[in-house]
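*Asks:* The sequence and its predicted three-dimensional model are supplied below.
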Amino acid sequence: MRLALLAVLWLVLTNGDPSGWGYGLVVVPLVWILVVRIFPPGDHRVQPLYLPRFAAWFLVQSLAAGWDVSRRLLAPRLDVAPGEREVSFTLPEGSPRWLAANMLSLMPGTLSVEVHGETLLLHCLDTAQDVDREVVETEQQVARLFGITLPAREGQ
């Protein structure tokens, strides 16, 4: 399935030009091997019906991240208090956890540094921001995308 999706992506990137398949016959299988090594097939599958809602949420979050960084950079005084925070994951290992870590790198003021088991180390532009809320929201969105029911967090 992944190989077929990569072939379709190649077709889109080359605007359907048949001359692009000379490279595509080499590039697509190599990218497929890389994708399978980085994201091995697991027990969790994306729920296609939730994909549009997830994409809309991601778009809104991306715009918010861009606005937040722009606002901070254009302010007369740079409003940052950088640092690192450790947060815990409730998502299962594999694709859901890796997707959440990568999504958090695209959220306002956060960058995933390292995942160790159920702990994620985040670099934050502002350590005073509510990173835990962002992690919980991101995990909930990713869980819905994969059709996963998350266990209750402490304090909920």
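*Replies:* Perfect, I can see it now. Numbering: from 1, shown residues only.
*Asks:* neighbouring contacts of the helix or strand where residue 26 lies?
*Replies:* Assigning secondary structure by DSSP states H and E places residue 26 in helix 21-38. With contact meaning Cβ atoms under 8 Å, 6 or more residues apart in numbering, helix 21-38 is reached by 2-3, 6-7, 10-11, 14. Bear in mind the C-beta positions are built from the backbone N, C-alpha and C, glycine included.
*Asks:* For residue 143, which non-adjacent residue is spatially closest?
*Replies:* residue 150 (4.9 Å; Cβ to Cβ, 6 or more residues apart in numbering).
*Asks:* what residues are up against that neighbour?
*Replies:* Applying Cβ under 8 Å, 6+ apart to residue 150 gives the contacts 90-91, 139-140, 143.
*Asks:* what's the distance between it and residue 56?
*Replies:* Separation of residue 150 from residue 56 (Cβ to Cβ, to the nearest Å) stands at 21 Å.
*Asks:* what do you get for residue 26?
*Replies:* Going from residue 26 to residue 56 by Cβ to Cβ gives 35 Å.
*Asks:* Same check on residue 137?
*Replies:* In this view, residue 137 and residue 56 are 14 Å apart by Cβ to Cβ.
*Asks:* What about the residue nearest to residue 42 when sequence neighbours are not counted, how many residues nearby?
*Replies:* Nearest in space to residue 42, with sequence neighbours left out and distances taken as Cβ to Cβ, 6+ apart, is residue 94 at 3.8 Å. The local packing of residue 94 (other Cβ atoms under 10 Å) involves 15 other residues.
*Asks:* Residue 94 and residue 45 touch, don't they?
*Replies:* No: Residue 94 is beyond contact range of residue 45, at 10.9 Å (criterion: Cβ atoms under 8 Å).
*Asks:* Now list whatever residues contact both of the two.
*Replies:* With Cβ under 8 Å, 6+ apart applied, the contact sets of residue 94 and residue 45 do not overlap.
*Asks:* Tell me how the protein divides into domains.
*Replies:* Following automatic domain parsing, one finds the domains of the chain at 2-38, 48-146.
*Asks:* which one of those domains is the most hemmed in?
*Replies:* Most buried of the domains of the chain, by mean neighbour count (mean count of other Cβ atoms under 10 Å): domain 48-146, with a mean of 15.
*Asks:* Skipping adjacent residues, who's closest to residue 127 in space?
*Replies:* Nearest residue to residue 127, sequence neighbours excluded (Cβ to Cβ, 6+ apart): residue 83, at 4.0 Å.
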